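Engineer: build me a structure from this.
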Amino acid sequence: MTDSVKLSVLMVAEKPSIAETLATVLSEGKAKKRRGVGSVPVFEYDGTFLNYEAMFRVTATTGHVFSLNFGKEYENWDKHPPRDLFTADTVNTYDGRSNIPAHLNKEAEGCNVLCLWLDCDREGENICFEVMSQTLHKMDIKYELPGAYRQCVYRAQFSSLVATDIKQAMDSLSVPNENLSNSVDARQELDLRIGIAFSRLQTQFFRKHFGKQLGKPMVTYGPCQTPTLWFCVHRHNQIELFVPKPYWVPRAVISVNGDPVSFCSKSFDSPPQPPPATTAIVKKVKTWGSTIQRPLPLNTVELLRKASSILGIDPGSALHYAEQLYLKGITSYPRTETNLYAANFDVSGTVDLLTTGGTPWAGGNQSRNGQREDGTDAGDHPPVTPVKLATEAQCGPAWPIYQLIVENFLRSIATDATFEETEVTLTISGMDYKVQCSKLLEKGWTEIGTCYDLTDDGPLGIRTLKEGDELNVLDLVSDQHFTKPPNHLTESDLLTLMEEHGIGTDASMATHVSNVVKRNYVTLEGARELVPTHLGKALIHSLQLIDQRLCLPSIRSGIESECGKVASGIQTKEEVVSSAVQLFMNQFDTYESRIYYLPLMLAVALKEESGSTIEEGSKAKLLWDTAVRKTAEVDLGTLLALKDTPLSEFSATPNDDSEGHNTEHWITNVQTILEEMGFGPPNPAPVAAKVPQQASTAGEPGAANPNKKKKKKKKKKNPADASAPSQPPPPQTGGFQGFGTSTSSANGPGGLDWGAFRR
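Structural biologist: Predicted coordinates:
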């Protein structure tokens, strides 16, 4: 290359707004705007690239370029059995309205360099390779550029859209990572095959054998959604089976400096006899210091947890607001697993920027003690931090999230809150009694913002006592208490469990939590607690009886782990997909031989929802109770130990079934049981009926209706759940909340419209 060369550089961002920001910053406001194919904006300006004169074109995709689907011949459900979908050919489809492939084809013509500015996570890396597939063959690749991928491709690494970060990324370009992209392809293919195969099996089974008794549903299975729901049902069943046990705690009321103070002894299973005494002797006085540590820097999951528990904002909305702040250049990239500031992060400069007069947090503790040392650098993006001082008007509805991000940053480098703890033990007739108090010494990080109000705790007067002091006993009693069940999981609790067990990614967990609420599998109650509906319980209980591996988090975390090996280059995409598909084909066979449990559990759930009595000792009630007990008995610690177990080891024999696997025999039995429960006679040859259309998150055309083609979606979604919606159905009345009791004679007495299964 000679000095006279003028390069033509195509730069592609993930969203048009990011493309505009890049062009504005890098051209210093001189870029000109025009419209490309499908009205996608293109910004053009002249500048330099690698010290050569260059003409720049800056444009964008609108997320993923393609969606992974099955071919058209698989739209006809009668042509191929569901099991074939595990090995069926797949195709990439796109939204013909925006036609991003044609847009990229056109803009790539004549360009010598491709510079990718997609989001810096695995999904963004995958979009990089989608963009390359639509540009490289159209480009004029005549120079071998230094350090470039395939002679002409560079990758920008950035964590915020402020000018300094953009310019630094432009000066330190890297190359795209094919392993990261392949890991996304592996997960998407597995989610497509697993979700659609199981969903079709369930739907066809219902329509064929239980169409008249229970309606003709689209019954879906989500490989991420299901273990998310399982956590909620597991906790609920533990609460339901909990039996309170009484216990007694001896309590002595003692005069301390003229004030009555209660000292408590250890607990007893039966009421103890209080010792006859009027004097207590101080046996021991123990004093020590304690701290409440300042918080760690924010990663995505912690941001979502705090948004829910402190602000009452659901995870999906919180992530949306954080993304809006990032796109406005107000905060850093919101998807990260890292909670440790980099050594070169300008802590003092950021504090000075944020603590000018008039801000809600300017008057609080502004100490700069440095971050905690127990954070983790996951090697992705830095923690979520503010990059500029913004007003409420600039942030709009995302203002509470901005405040949360700012306050957490300031707290994370402040001093710890400190206390002096005192515990006094006294003895009365040979029995020990204790009481403790906490004296607040320094509020530290809790002074920032208004969420925390630390105070002294306990009877501070005991701090004056010394060993050997004699005190007057005012009263001796034994207080009866009862053990209490755990609370239902909150959104914050659920996110913690999902993170621990490897369900979803930092970018997808919010969606899975939101989905189980939107699809009426759980309801949000009280202090943002997730309470399973009868429908949610029925789905998990049926899977518990059929093959609990399909609802436990272990296998899903195994899939995530295997995809992680692809990202690290340890295994290939083909190896991971092949082994996982074989495992789920085996599970599919087990599921198919036991699927008769599903209509039975849904019938029990409908009866309970309507308030009808289910005969104790009946087959349906016994199976329901068995599922409740088995679900509750699962130990989360044992499950967590299986988190990194290779998928190849998840081949244990599923739940025992002493009554055998004669499916046809059981279908007849279940039809009879449903008739006895009031659902009408079975329909051995149901006529094809119109079923509510369901959007397929796995991107399968016509997933809910084999005879009708669907319009392709505008933007590719991660098909982690085959049951994800495009739009929720309108509210319905009767039956399950969100179902609606059908009045159609085709559904029979008590039939269902199954609206919730479209969610």
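
Engineer: now the helix or strand encompassing Lys33: average pLDDT?
Structural biologist: Using DSSP states H and E, Lys33 maps to strand 32-35. Strand 32-35 shows a mean pLDDT of 96.

Engineer: hmm, who's touching that strand?
Structural biologist: 20, 41-45 (CB atoms under 8 Å, 6 or more residues apart in numbering). Using the backbone N, CA and C atoms, a C-beta is placed for each residue, glycine as well.

Engineer: continuing past the longest helix seen in the chain, what's the next helix or strand?
Structural biologist: If each helix of the chain is counted by residues according to DSSP state H, the longest one is helix 178-209. For helix 178-209, the succeeding helix or strand toward the C-terminus, using DSSP H and E, is helix 211-214.

Engineer: average pLDDT for that next one?
Structural biologist: 80.

Engineer: which elements pack onto that helix?
Structural biologist: Using 3 or more CB pairs under 8 Å, 6 or more residues apart in numbering; DSSP states H and E, the elements in contact with helix 211-214 are helix 597-610, helix 663-676.

Engineer: quick one, the last one and helix 178-209 angle?
Structural biologist: Meaning helix 663-676. 60 degrees (axes from the mean of the first three to the mean of the last three CA atoms, to 10 degrees).

Engineer: report the buried residues of helix 663-676.
Structural biologist: Neighbour-count burial for helix 663-676, counted by 16 or more other CB atoms under 10 Å, picks out 666-667, 670-671, 673-674.

Engineer: what does stretch 375-384 give?
Structural biologist: 375, 380-384.

Engineer: for these, which one is nearest Val513?
Structural biologist: Val384 (18.1 Å; CB to CB).

Engineer: for the closest one, grab phi and psi.
Structural biologist: The phi/psi pair for Val384 (degrees, to the nearest 10) reads phi -70, psi 120.

Engineer: so what's it up against?
Structural biologist: 297-300, 303, 322, 331-334, 336, 405.

Engineer: swap in Lys643?
Structural biologist: 500-502, 554, 557, 561.

Engineer: pLDDT wise, what is it at?
Structural biologist: Value for Lys643, per-residue pLDDT: 83.

Engineer: how about the one 10 residues further on?
Structural biologist: With respect to pLDDT, Thr653 scores 47.

Engineer: can you count the residues close to the nearest residue to Gly449 once chain neighbours are set aside?
Structural biologist: Spatial nearest neighbour of Gly449, chain neighbours left out: Glu407 (4.2 Å); criterion: CB to CB, 6 or more residues apart in numbering. Look at Glu407: counted by other CB atoms under 10 Å, it has 23 neighbours.

Engineer: and Glu407, helix, strand or coil?
Structural biologist: helix (DSSP: H, G, I helix; E, B strand; the rest coil).

Engineer: tell me the bridge partners for the nearest residue to Val175 once chain neighbours are set aside.
Structural biologist: Leaving aside its sequence neighbours, Val175 sits nearest to Tyr149 (CB to CB, 6+ apart; 3.9 Å). Applying DSSP bridges to Tyr149 yields these beta-bridge partners: Val153.

Engineer: Tyr149 is in contact with Arg155, isn't it?
Structural biologist: Yes. If you go by CB atoms under 8 Å, Tyr149 and Arg155 touch, sitting 7.5 Å apart.

Engineer: between these two, what contacts are shared?
Structural biologist: 175-176.

Engineer: with neighbour numbers in mind, choose between the two.
Structural biologist: Arg155 (21 against 18).

Engineer: can you name the residues that contact the more buried one?
Structural biologist: Arg155 neighbours (CB under 8 Å, 6+ apart): 115-116, 128, 149, 173-177.

Engineer: now with 7 Å?
Structural biologist: Shown in contact with Arg155 (CB atoms under 7 Å, 6 or more residues apart in numbering): 116, 128, 173-176.

Engineer: please pick the buried ones from the residues you listed.
Structural biologist: Applying 16+ other CB under 10 Å to the contacts of Arg155 flags 116, 128, 173, 176 as buried.

Engineer: now, among these, which is nearest to Ser492?
Structural biologist: Using CB to CB, those come closest to Ser492 at Cys128, 33.6 Å.

Engineer: averaged pLDDT, the helix or strand following the strand holding Lys33. What do you get?
Structural biologist: On the C-terminal side of strand 32-35, the closest following helix or strand by DSSP H and E is strand 41-49. For strand 41-49, mean pLDDT rounds to 96.

Engineer: partners of strand 41-49 in the sheet?
Structural biologist: strand 32-35 (antiparallel), strand 52-60 (antiparallel).

Engineer: TSV for those strands, including distance to Leu311 and mean neighbour count?
Structural biologist: TSV is the format used below for the strands paired with strand 41-49 (distance: least, CB to CB, whole Å; neighbours: other CB atoms under 10 Å):
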stretch	distance to Leu311	mean neighbour count
strand 32-35	37	10
strand 52-60	31	21
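
Engineer: now the ones you listed as TSV including distance to Pro397?
Structural biologist: Shown next, in TSV, are those (distance: least, CB to CB, whole Å):
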stretch	distance to Pro397
strand 32-35	28
strand 52-60	24
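
Engineer: so where is the stretch 201-350 of the chain shaky, pLDDT-wise?
Structural biologist: 217-218 (pLDDT under 70).

Engineer: please, where are all the strands along it?
Structural biologist: 246-256, 259-264, 279-292 (DSSP state E, counting those that start in this stretch).

Engineer: which parts of the one helix or strand Gly564 maps to are buried?
Structural biologist: For Gly564, the host element (DSSP H and E) is helix 553-568. The neighbour-count check on helix 553-568 (16+ other CB under 10 Å) flags 553-567 as buried.

Engineer: likewise for stretch 212-231?
Structural biologist: Those buried within stretch 212-231 under the rule 16+ other CB under 10 Å are 212-231.

Engineer: and that stretch, how far apart are its ends?
Structural biologist: 33 Å (CA to CA, to the nearest Å).

Engineer: same question for stretch 383-402.
Structural biologist: OK, stretch 383-402 end separation, CA to CA: 14 Å.

Engineer: if we can go back for a sec, would you list the contacts of Arg155 in CSV and tack on secondary structure?
Structural biologist: Converted to CSV, the contacts of Arg155 look like this (three-state DSSP):
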residue, secondary structure
Leu116, strand
Cys128, helix
Leu173, coil
Ser174, strand
Val175, coil
Pro176, coil
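
Engineer: ok, so of those residues, who is nearest Gly526?
Structural biologist: Nearest to Gly526 among the contacts of Arg155 is Cys128, at 44.1 Å by CB to CB.

Engineer: the closest one against Leu116, yeah?
Structural biologist: Yes. Cys128 is within contact range of Leu116, at 4.7 Å (criterion: CB atoms under 7 Å).
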